[in-house]
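J.: When you get a sec, could you give me coordinates for this:
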Amino acid sequence: MSAIDDCVQAAEQAAENVATPTLGAPPRRGLAAVMCMDARIDPIRILGLRPGDAHILRNPGALIGPYELRALAISQRRMGTREVMVIHHTDCGAAGLDEPALTAEIEAEIGTAPAWPSMPYQEVAESVQRVRACEALPYRDGVRGFVFHVEDGRLVEVDV
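T.: As a prediction, this is how the structure comes out:
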């Protein structure tokens, strides 16, 4: 059985316990968080959240690009979020990623360069500044950056 099959079977078994028909789509806490997709990081546990508390956006390295800014604009303008956390972490596999080498590898294999924008790993402060500078976001004062330490579970705020 594949990993997807395992997940589908688990979802069928857990359906009664995980259904949230009474929750509305807007996050209760008015929070959106951008985090790395690293499988070791469980945003619900780390941030003490429950289903329905926050929007969680995940990608390699917690990068803030046009797609994340669009998602944050929808989150704020249509779902009522007012605060944004940008959370990078230690021991990140995307840290030091050689984007040109990855692009060249993919192009050599499939014959064309990937269509996604090539963005190097960004520091937390730069990511926070990118969110704060986005005029499409009506709520930019409550944007803060953090580093999660995978070694000991600490969440450390970064001065911006």
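
J.: in the protein, which spans are helices?
T.: Here the chain has its helices, by DSSP state H, at 3-18, 43-47, 66-79, 99-110, 124-132.

J.: Of the ones you listed, flag the one that's most buried.
T.: Per-stretch averages of neighbours, counted by mean count of other Cβ atoms under 10 Å, single out helix 124-132 among the helices of the chain, with a mean of 19. C-beta: built from backbone N, CA, C; applies to glycine.

J.: just the angle between that helix and helix 66-79, please?
T.: Angle, helix 124-132 to helix 66-79, by axes from the mean of the first three to the mean of the last three Cα atoms, to 10 degrees: 50 degrees.

J.: So for the residue with the largest distance to the centre of the chain, what's the pLDDT?
T.: Within the chain, residue 111 marks the point farthest from the mean C-alpha position, 30.1 Å out by Cα atoms, centre = their mean. Note on residue 111: pLDDT of 93.

J.: Would you report the backbone torsion angles of it?
T.: Backbone torsions for residue 111, taken as degrees, to the nearest 10, come to phi 100, psi -10.

J.: For the nearest residue to residue 146 once chain neighbours are set aside, give its distance to residue 154.
T.: Take residue 146 and drop its neighbours on the chain: the residue closest to it by Cβ to Cβ, 6 or more residues apart in numbering is residue 87, 4.8 Å away. Distance, residue 87 to residue 154, by Cβ to Cβ, to the nearest Å: 12 Å.
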